[in-house]
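J.: mind looking at a prediction? Sequence and model below.
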Amino acid sequence: MSAAIVLTLPHVQEMNGERQTLESGAPRSELAKGLDIATAAYTAELGYLAPVSTHIQSAEMHNQAVNSLALISAPATHLYLLCQAIDLRAMQADFDAGLQRIVREELATHFSAYADAEGLLLPRVLPAMRAALDTTGTMDASDRMTAVAAAAAPVLLDALAGSSCPLDAIAGFRSSAASRATTLLQTLRTEYLEGKRGRAPGAHLLKRTRPVYEFVRNKLGVRMHGAENAGLFPNGLGMDAPSIGENVSKIYEAIRDGEVQSVVVGLFA
């Protein structure tokens with residue numbers, strides 16, 4: 001089950017809009033690919049006594065098969081990716097709230113003279129744009145927001161049919177909404193990566209499992225990954241922030257040394 005979760009988390013088509021490979025910045029950075037492949041290797045160890053055909057694991061979003069031995073650090077890899085996914089979901093929730101505000105304001109600016117922007121247009125346009133967000137997780141911020149804003153065009157054309165609204169109003173909405181949404185996403189990304197939203201920004205999304213997440217983020221100091229990537233590694237890989245391997249090792253050592261035991265036991269108290 002641990003492997004199934006880890007191999008699914010980085011897969012944008014299976015996670016309803018989650019960032020591809022759990023990368024907080026550009027999807028091409030491919031944060032989770034190494035851990036995805038490693039976990040497939042860890043899981044393969046479980047079947048080492050069986051015929052080889054039964055313990056080959058699909059990895060890297062089903063692009064390759066892996067058969068290796070490294071089960072020992074699978075729980076650490078699992079926890080690392082789950083914490084990253086939680087932070088990204090928190091950022092996604094903040095972005096969604098901001099996007100709703102942007103769409104409401106831009107609809108009022110461009111279409112209030114031709115239709116009921118709040119009552120007629122917003123309930124139609126916002127779901128279309130949210131649906132586009134779920135299918136554009138592989139794109140960089142600017143291209144993604146352009147595609148998201150474009151998803152509103154057919155909805156607006158249908159809703160405004162028969163009105164005197166000029167077509168350039170729709171083009172203006174698309175341009176302005178895409179620009180503001182891009183700025184919002186980039187601002188949120190910077191705030192999360194720089195710790196301006198706290199060391200554990202996704203804690204409010206959790207219930208019983210919150211102590212484990214906070215243990216990783218607060219006590220172990222394993223922060224959301226992506227700050228170096230966002231800055232294009234100005235001082236070199238691993239110079240301004242711990243590498244993925246270093247952070248996974250911190251979690252592994254905490255499990256090995258028994259530090260996590262009391263946290264896990266507390267979940268069942």
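T.: Received it, and whenever you're ready, just let me know what you need.
J.: other SSEs contacting the strand or helix carrying residue 170?
T.: Residue 170 belongs to helix 167-193 when assigned by DSSP states H and E. When contacts are defined as 3 or more C-beta pairs under 8 Å, 6 or more residues apart in numbering; DSSP states H and E, helix 167-193 packs onto helix 74-111, helix 141-150, helix 152-159, helix 227-230. Glycine gets a C-beta too; all of them are placed from N, C-alpha and C.
J.: which element follows the last one toward the C-terminus?
T.: The reference is to helix 227-230. Sequence-wise, the next helix or strand downstream of helix 227-230 (DSSP H and E) is helix 244-256.
J.: what mean pLDDT would you report for that next one?
T.: Averaged across helix 244-256, pLDDT comes to 90.
J.: now the angle from that helix to helix 74-111?
T.: 130 degrees (axes from the mean of the first three to the mean of the last three C-alpha atoms, to 10 degrees).
J.: so how far is helix 244-256 from its chain's centroid?
T.: 22 Å (C-alpha atoms, centre = their mean, to the nearest Å).
J.: same question for stretch 153-161.
T.: With C-alpha atoms, centre = their mean, you get 30 Å for stretch 153-161.
J.: can you check stretch 194-209 too?
T.: Here the centre of stretch 194-209 is set off from its chain's centre by 14 Å, with C-alpha atoms, centre = their mean.
J.: one step back: export the helices and strands packed on helix 167-193 to TSV and tack on mean neighbour count and distance to residue 197?
T.: Shown next, in TSV, are these (neighbours: other C-beta atoms under 10 Å; distance: least, C-beta to C-beta, whole Å):
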stretch	mean neighbour count	distance to residue 197
helix 74-111	20	8
helix 141-150	20	18
helix 152-159	17	28
helix 227-230	19	13
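J.: worst average pLDDT in those helices?
T.: helix 227-230 (a mean of 78).
J.: list the contacts for residue 34?
T.: residue 244 (C-beta atoms under 8 Å, 6 or more residues apart in numbering).
J.: return the helix or strand in this structure with minimum mean pLDDT.
T.: Within the chain, confidence by mean pLDDT, DSSP states H and E is lowest for strand 64-66 among all helices and strands, at a mean of 59.
J.: does residue 104 touch residue 122 like I think?
T.: Yes. Using C-beta atoms under 8 Å, residue 104 is in contact with residue 122, at 5.8 Å.
J.: so residue 123 is in which element?
T.: Assigned by DSSP H and E, residue 123 falls in helix 122-134.
J.: next, the angle from that helix to helix 141-150.
T.: Between helix 122-134 and helix 141-150, the angle comes out at 140 degrees (the same axes, to 10 degrees).
J.: which other helices and strands contact helix 122-134?
T.: Against helix 122-134 (3+ C-beta pairs under 8 Å, 6+ apart) you get helix 74-111, helix 141-150, helix 152-159.
J.: what does it contact?
T.: By C-beta under 8 Å, 6+ apart, helix 122-134 touches 16-17, 96, 99-100, 103-104, 107, 144, 147-152, 154-156, 158-159.
J.: and residue 40, how many neighbours?
T.: Close neighbours of residue 40, defined as other C-beta atoms under 10 Å, add up to 23.
J.: three-state assignment of it?
T.: Under DSSP: H, G, I helix; E, B strand; the rest coil, the three-state class of residue 40 is helix.
J.: hey, C-alpha coordinates of stretch 241-254 in CSV?
T.: The C-alpha trace of stretch 241-254 is given here as CSV (Å, rounded to 0.1, in the frame of the first residue of the first chain):
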residue,chain,number,x,y,z
ALA,A,241,19.0,23.8,0.9
PRO,A,242,19.4,20.1,1.8
SER,A,243,19.1,17.7,-1.1
ILE,A,244,16.1,15.3,-1.4
GLY,A,245,18.4,12.5,-0.3
GLU,A,246,19.5,14.4,2.8
ASN,A,247,15.9,15.1,3.9
VAL,A,248,14.8,11.5,3.3
SER,A,249,17.8,10.4,5.4
LYS,A,250,16.7,12.6,8.3
ILE,A,251,13.3,10.9,8.3
TYR,A,252,14.9,7.4,7.9
GLU,A,253,17.2,8.1,10.8
ALA,A,254,14.3,9.3,13.0
